[in-house]
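Novice: show me the folded form of this:
(chains A and B)
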There are 2 protein chains.
Amino acid sequence: MAETKHVYRFGADASGKDVTEGASKMNFILGGKGANLAEMARIGLPVPPGFTITCQTCVQYSSAGNVWGAGVLDEIHAARLDLEQRMGKKLGDNEDPLLVSVRSGAPFSMPGMMDTVLNLGLNDVSVQGLINQTKNERFSWDSYRRFVQMFSNVVMGVDADLFENAITSRKLMKGVKSDTDLTSDDLKALVDEFKEIFSKNVDGTQHPEIVVDGKVTFPEDPYVQLKLAIEAVFGSWNNERAILYRKQNKISDDLGTAVNVQVMVFGNKGDTSATGVAFTRNPATGEKEYYGDFLVNAQGEDVVAGIRNTQPIADLKKTPGLEEAGQQLEDIFVTLEKHYRDMMDIEFTIEQSKLWMLQTRVGKRTAASALKCAIDMEKEGFISKEEAVCRVNPAQLDQLLHPQLDPKAKLDVLATGLNASPGAAVGAIVFSSADAVASAEAGKPCILVRWETNPDDLKGMVAAEGILTSHGGKTSHAAVIARGMGAPCVCGVEALKIDASKKEAKVSGTDVVLHEGDVITIDGTTGRVVLGSVGLVRPELTGDLETILDWADEIRNDPNRGRVIGVRANADNPADADLSREFGAEGIGLCRTEHMFLGDRKHIIQDYILADDEDTKKRALSELLEAQTGDFLGMFKAMDSRVVIVRLLDPPLHEFLDNPRDLAIEIAVAEAKGASEAELADKRKLLAEIDSMTEANPMLGLRGCRLGIVYPELTDMQIRAIATATAELKKQGLFPMPEIMIPLVSTANELKFLREQVEADIKEIADKYGLELDIPIGTMIELPRAAVTSEEIGKYADFYSFGTNDLTQTTFGFSRDDVESAFIPTYLRKKILPVNPFETIDDGVCKLVKMGVDGGRKANARLQAGVCGEHGGDPDSIFKFYDLGLDYVSCSPYRVPVARLTACQAKIKANGSMAMADK
Amino acid sequence: MAETKHVYRFGADASGKDVTEGASKMNFILGGKGANLAEMARIGLPVPPGFTITCQTCVQYSSAGNVWGAGVLDEIHAARLDLEQRMGKKLGDNEDPLLVSVRSGAPFSMPGMMDTVLNLGLNDVSVQGLINQTKNERFSWDSYRRFVQMFSNVVMGVDADLFENAITSRKLMKGVKSDTDLTSDDLKALVDEFKEIFSKNVDGTQHPEIVVDGKVTFPEDPYVQLKLAIEAVFGSWNNERAILYRKQNKISDDLGTAVNVQVMVFGNKGDTSATGVAFTRNPATGEKEYYGDFLVNAQGEDVVAGIRNTQPIADLKKTPGLEEAGQQLEDIFVTLEKHYRDMMDIEFTIEQSKLWMLQTRVGKRTAASALKCAIDMEKEGFISKEEAVCRVNPAQLDQLLHPQLDPKAKLDVLATGLNASPGAAVGAIVFSSADAVASAEAGKPCILVRWETNPDDLKGMVAAEGILTSHGGKTSHAAVIARGMGAPCVCGVEALKIDASKKEAKVSGTDVVLHEGDVITIDGTTGRVVLGSVGLVRPELTGDLETILDWADEIRNDPNRGRVIGVRANADNPADADLSREFGAEGIGLCRTEHMFLGDRKHIIQDYILADDEDTKKRALSELLEAQTGDFLGMFKAMDSRVVIVRLLDPPLHEFLDNPRDLAIEIAVAEAKGASEAELADKRKLLAEIDSMTEANPMLGLRGCRLGIVYPELTDMQIRAIATATAELKKQGLFPMPEIMIPLVSTANELKFLREQVEADIKEIADKYGLELDIPIGTMIELPRAAVTSEEIGKYADFYSFGTNDLTQTTFGFSRDDVESAFIPTYLRKKILPVNPFETIDDGVCKLVKMGVDGGRKANARLQAGVCGEHGGDPDSIFKFYDLGLDYVSCSPYRVPVARLTACQAKIKANGSMAMADK
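Specialist: Predicted coordinates:
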């Protein structure tokens, strides 16, 4: 086995010949920074020479309990000697000392999360060499002072305040205000003071190499400095904020960070020196313009710290002494874009008129900028359309589709919950669905505040601007419905203690009591709840979004570029159907009918459920038939010539009934107050009825196709409504395309049984109208048994829709609403789950989806298979769905653009059809 | 393709040479009766010649809508001509007519379910031939009369009463009492009358062949008679009672029945004629003795009808004129047993001293007889031990293990429910667990009557003789616990309307109101509820049972005869553990610990759950630690040197808390009655706490290993208790063999995480005692995700136990208690489910079990895999489990003998190691 290489050189040798060993593709070995330094050096850009210690070295060092592997330190030592030879300078030299920076650089950017040490190599000897070279005593001592301070704090963990205090004391003593007023001697004295602070505050038992004659001493040996600095950078991979950052950004903990040891260049060597950061295009708008700032006679930190006013990068060329470097930088912008074929973010330093490139990486950008850059670069011929659509982050796209808090507004954040449905909303608090409706009718925007919502709250949710709950997770009823409606929603705000009966809510940890009518603003994008009204902005939907989505559709629907994948929407009413079309949905993948039984119609279904006599039941059914037929007429008309998959009634019937606990309390209280048995008889009977229908685990109870089998007349009614609406529209010359979906099938026999009934009902209506009605019949695959026996079920299905919400629930044995607050947060914290499986589809659930798809296609080669769970709008999940071979995804209307883009990206990735950056 | 043969001959030809074409193995083609008639003819026994029309012909005819396939009737016609040639007689002949019987005969015995026609071939001409042959005019006309009556009723569906009325009228007219007093002329006149009845009551449009000159006429043509009779037998396969019988006996509807057309022999031709039925051994006791009855000068129906007193078969030899036939019959008994190597049931007729065998089949027998026959035949050298154990039906065995209603008792059945746990019990009604305990303490046997039971009722359930519920299915809490305890239980008696507060129950559809103290008897074997006290019997457990189970164990545990499969018991306390050992369990496959938190200890776990302060929580935990350590000491001691798998706490914690609805009512009522807020504060707080823990779907909530992860201190406490008990017993020189089972794992990470903690806790105790504690750690596979990701989970498991109850729930999305009453009965009735998947494991669930076993073994080749769900005691399921490669099954103690026997049979079947009946 070849010995593992731990250190890679970059930059030129003494003869000016490039000796770079790395390249940009090696970012999992060299980290992003190291890989791009190597790449820049390789293509002839001016990069200060140095070497990179690999990420794998970090992993090895950490997992061995912070112990160096055999030979690694020798390799580093050799690289240091090589660098000294290449530069013709030595670390710690008293004539012309070499100084280096030691910087972290992980495979994915983790800005500011890990450690950096500058000016390494300075000591009591080499500071004289630096003075000798620069002829600038103050600069040299200041550099030394900065190094001791940085090393002590960053590498040895000494409290930064101790050093700041020492500086402040000295300024007081000298009666000056600014650091720059301190003289060389002051700085020299500070170096001594800092070393004393070091000696007093560092634990020598951990670092025997800094103990001299039994006393902890600031290390003079540059090699000790270097070793300790590298160890510190490695250690910073596992500091708390880095771990948190990785968790938030879904970066694996197993990657490790590289360490870049690079020759220092100084932007603070006078007026022909400068330092700056820039983007090759505008990262906010995407405009093709030089974008960035520089400071003359400054170090990198100064630009970022924002202490001095920076100058726009366009001025660099016009600055005396920097003209040439400025022009060179502009040329480099072009070179970089051409080479990387993307908008780049760079850092540079000009040391005495000589330009040095310190970093480059693909520039972060806003959604709007991402769109514009992608489109422009395609037009400029840099990239293909495939690459252009892959340049836009689907998650970012979501931002463009909802109103946001004005970024300039000052916020009085009251509490924070889960960012359950994106967008912001302002309104007066209401505590009940009825009040929300009343408020909306009175023209007063409101926010519905509930402990949790249930199907009864639907009208209020529609009426309100946004929804706020104190309970429930990201897939709670409130969250799911809100996302479906595109309404902003903040869920699970635990600090909120709601007393709906008093129409007030206390905020834990504050004195605030919110009352009905108080105006609040909620931000469903971040989960913030703000007191008062905050200005909202809807980012301009430029034509760029449309262009990119058009390109995405073109690629996605092109059978010559790989398997086509469709995008449909979940919509239950004509308004949502219209919205879906606007957002580019190619059909309705899920039209839930249960909402058609609520509101004004709730009493009808209640009559049906509770009636003792057949007449009442029949009357209720015929009322429902009429109402549903009307609903479907509207729906199919809105989606004329496009598929509308109607799911038959799914929830358990007791969801349509009153809450038995409330009723039981009502009866007990009335009884206590002396009501007679006769007065209570009806209510008691009702309660007994409701109790008899109540289920211990309604999720696993009498619902879905089971309802249709136990109550065949309910099935007949629904099918007649669908078929009648279809026939009526056909008569009018339209092209309705309904499909009937039978939910919660667990065995082939259920589907066979219902299919026969459904076909008979359709035929009955078709015959009545004298028409052919060709309505496909399919099923939801949302139970593990359906997935594993899919080869049998497929015989009776024209299509499958994977109901991944329910499938996740039964596969894991997780009840969404129960477990999201009860233990999923704990599981995520303890890394038992990598992601919330209700947000991004789990690999175990995917195995069942795969069995389902494969089995179904085996039984019926023409089977259409899609997904209509919440995951249908989640980018990470969509990538998996493409790979699983699904024909379409269906999601809430507001997520359709995201799905169109992601599905296209998934197709490009799966088919390797993208012309990649490196030819 | 060879043409399908529809008709098979049996018996001799004209020369006496056997021309039989079938054999006993062909019972799926010839039906049981036809196959055995062929077999008897083949081995030289005297069988009246005939032919059999195959079952497949019936299926073909029925599925074509009662239409004959091409050529089939020709084949039947040819067989008839062949039979006439073989007998030298013709149907309908005026000199020496051939008469035949037409009988059904399905692959599985369906006694009395389908049609038979005797004396076919008689008409106005051939009756003269019969007179000519028999010289017995009365017999001949009576035969004709019987034929017309039977044909009209059985074949053409004419109401039987019409014929009985005609006979009665004639007797009245003649002034005689008995049929036998009617003369030849009377019978001749009756034939005419019967034919008139036929003409008036048969619909000729269905049968054009019986319309002569526009009038419906009794068919004189024997071929028409034959064709119609065969069609009628085919039709009877789908009559209502036959369908019902097949459903009850799990016989496929697709088998069809064969039709046997056989030469008639007459046992009623005088005193040298006789007819009888017999068994080759005693079917009740298994004694080797001739067992059966005969009647001189009678036809078969007369024996069965029981009109005349029959004589014991032993007397046959001693009856004048029947001596020779009697001896021949005894010889045939020996021949048959030798040939079939089993106890046989036969029918015979002696016609004028000549013995004819009409039927033989393996004899039905009681469990006791089955045991004795099997053992005796092994000793007699007929069969091997493998065959002997396969001769006992495991389901029957169960009968031997529980007290039963005295079969002689007269029963006043009040209502019927589900036969949830076998055995019968007598006691006074109590309506609460507390009353059950009080009654038992007062020495008064009681039956606990509840709407449904819950863990709180456990003490009462233990105290009661039996349990009766009005709600819940065969796997409801009451049923599962009762089976586990071996207590009789009848569940889901819907007719019972319980008002526990009034301590009374009404029985719907009756005037009966049951009060506390009323004595009832319940029969958990059949589901009957009987008013008053019924005598109970415990069938003697003869040594035969022990012998067979010993043989079964010997084979089951012999690695040379195939893979060994163990049998363990589910037991939660030392008493059950003792019982398990008595019943032959090789270990405890599931020791549930939740019962250890109930009863007196319930307040401790409540303190732990509800306490605000850490001190109270800690104190509660240390009390639980002490109590549980004691439990485990008892358990491990009772099962010394045998495996005890302890499952960690599984149910959601709110199961240990009060019912929130009751508490809410209590608060509301107190408030209505004027209680102050201060008085209610504590209760309100408690209610809020309980509400916050209540789950919408507790089955899918915070339970199982999730509890152990969210509350690590609960895990520590349990492990310390197990490890301490183990260490203490080891110190005493015993060999405790606990294993720790982590429930409800869905991802490998859960198990990995808990395993680390469990190992650390064990090590802590081991170190404390200075002992090695080698306690295997495994998991339950009871969620689909665990099954499909088993290859990952297996890395962290020493053993798997498939929790098939929960796995069935999540795989199907069926909540046991909810769906068993809500729709499983409908599903079974509509044949959507072939069996209740909570009773016999479903094939879809088996697929997941297979993935689980295979994946686990891939990860860990030494993984032990068993099952501890209810299915572990179900014979049909055990067969599947053996085939899936499981190492053991675990079931309730009372089902251990059944499992020992079945597991052995499954092994024999899987390994084909049984010396089969036909060499």
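
Novice: for chain A, what helix or strand is lowest in average pLDDT?
Specialist: helix A:300-305 (a mean of 65; mean pLDDT, DSSP states H and E).

Novice: need the next SSE after it, C-terminal direction.
Specialist: Note on helix A:300-305: by DSSP states H and E, the next helix or strand toward the C-terminus is strand A:311-312.

Novice: distance from the chain centre to that next one, please.
Specialist: A distance of 33 Å separates the centroid of the chain from that of strand A:311-312, by C-alpha atoms, centre = their mean, to the nearest Å.

Novice: which strands or helices does that strand pack on?
Specialist: Judged by 3 or more C-beta pairs under 8 Å, 6 or more residues apart in numbering or on different chains; DSSP states H and E, strand A:311-312 is in contact with strand A:291-296. The way it works is simple: take the backbone N, C-alpha and C, and place the C-beta from them, glycine included.

Novice: how far does the strand it packs on sit from its chain's centre?
Specialist: Its chain's C-alpha centre and that of strand A:291-296 lie 31 Å apart, by C-alpha atoms, centre = their mean.

Novice: likewise for stretch A:37-54?
Specialist: Put simply, stretch A:37-54 sits 32 Å off its chain's centre (C-alpha atoms, centre = their mean).

Novice: also stretch A:803-821?
Specialist: Put simply, stretch A:803-821 sits 21 Å off its chain's centre (C-alpha atoms, centre = their mean).

Novice: that stretch and chain B, are they touching?
Specialist: Yes. Using C-beta under 8 Å from any C-beta of the partner chain, stretch A:803-821 reaches chain B at A:806, A:809-815, A:817-819.

Novice: farthest-apart pair in those, please.
Specialist: Distance extremes for the residues of stretch A:803-821 next to chain B: the farthest pair is A:811 and A:817 at 16.8 Å, using C-beta to C-beta.

Novice: surely residue A:325 meets residue A:319?
Specialist: No. Between residue A:325 and residue A:319 there is no contact, the gap being 9.0 Å when judged by C-beta atoms under 8 Å.

Novice: name the nearest residue to residue A:726, sequence neighbours excluded.
Specialist: Spatial nearest neighbour of residue A:726, chain neighbours left out: residue A:736 (4.8 Å); criterion: C-beta to C-beta, 6 or more residues apart in numbering or on different chains.

Novice: run a quick neighbour tally on that neighbour.
Specialist: Residue A:736 is flanked by 25 other residues according to other C-beta atoms under 10 Å in any protein chain shown.

Novice: with residue A:673 instead?
Specialist: Neighbours of residue A:673 under the rule other C-beta under 10 Å: 10.

Novice: dump the residue contacts of it.
Specialist: Going by C-beta atoms under 8 Å, 6 or more residues apart in numbering or on different chains, residue A:673 touches residue B:672.

Novice: equivalent analysis for residue A:271, please.
Specialist: Residue A:271 makes contact with A:296-297, A:320-321, according to C-beta under 8 Å, 6+ apart.

Novice: reformat the residues of stretch A:803-821 next to chain B as TSV; add secondary structure and neighbour count.
Specialist: Shown next, in TSV, are those (DSSP: H, G, I helix; E, B strand; the rest coil; neighbours: other C-beta atoms under 10 Å in any protein chain shown):
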residue	secondary structure	neighbour count
A:806	helix	23
A:809	helix	28
A:810	helix	31
A:811	helix	31
A:812	helix	25
A:813	coil	26
A:814	coil	29
A:815	coil	23
A:817	helix	25
A:818	helix	25
A:819	helix	26
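
Novice: other SSEs contacting the helix or strand hosting residue A:324?
Specialist: For residue A:324, the element it lies in under DSSP H and E is helix A:323-340. For helix A:323-340, the elements it packs on are strand A:274-279, strand A:344-351, strand A:354-362, judged by 3+ C-beta pairs under 8 Å, 6+ apart.

Novice: now mean neighbour count, mean pLDDT and distance to residue B:647 too, for the ones you listed, in a markdown table please.
Specialist: Shown next, in a markdown table, are the helices and strands packed on helix A:323-340 (neighbours: other C-beta atoms under 10 Å in any protein chain shown; pLDDT from 0 to 100; distance: least, C-beta to C-beta, whole Å):
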| stretch | mean neighbour count | mean pLDDT | distance to residue B:647 |
| --- | --- | --- | --- |
| strand A:274-279 | 24 | 91 | 60 |
| strand A:344-351 | 24 | 93 | 56 |
| strand A:354-362 | 20 | 94 | 53 |
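
Novice: nearest to residue B:200, of those strands?
Specialist: Residue B:200 lies closest to strand A:354-362 among these, at 98.7 Å (C-beta to C-beta).

Novice: okay, and the common contacts of residue A:325 and residue A:319?
Specialist: Shared contacts of residue A:325 and residue A:319, defined by C-beta under 8 Å, 6+ apart, comprise residue A:274.

Novice: more crowded one of these two?
Specialist: Between residue A:325 and residue A:319, residue A:325 has the larger neighbour count (other C-beta under 10 Å), namely 26 against 17.

Novice: for stretch A:34-45, the averaged confidence score.
Specialist: Mean pLDDT, stretch A:34-45: 96.

Novice: which parts of that stretch are buried?
Specialist: Within stretch A:34-45, the residues scored as buried using 16 or more other C-beta atoms under 10 Å in any protein chain shown are A:34-43, A:45.

Novice: which of those fall within strands?
Specialist: Among these, DSSP state E puts none in strands.

Novice: in a strand, residue A:728, correct?
Specialist: No. Using DSSP: H, G, I helix; E, B strand; the rest coil, the assignment for residue A:728 is helix, not a strand.

Novice: pLDDT value on the spatially most central residue of chain A, please?
Specialist: Nearest to the geometric centre of chain A sits residue A:395, at 5.8 Å (C-alpha atoms, centre = their mean). pLDDT, residue A:395: 78.
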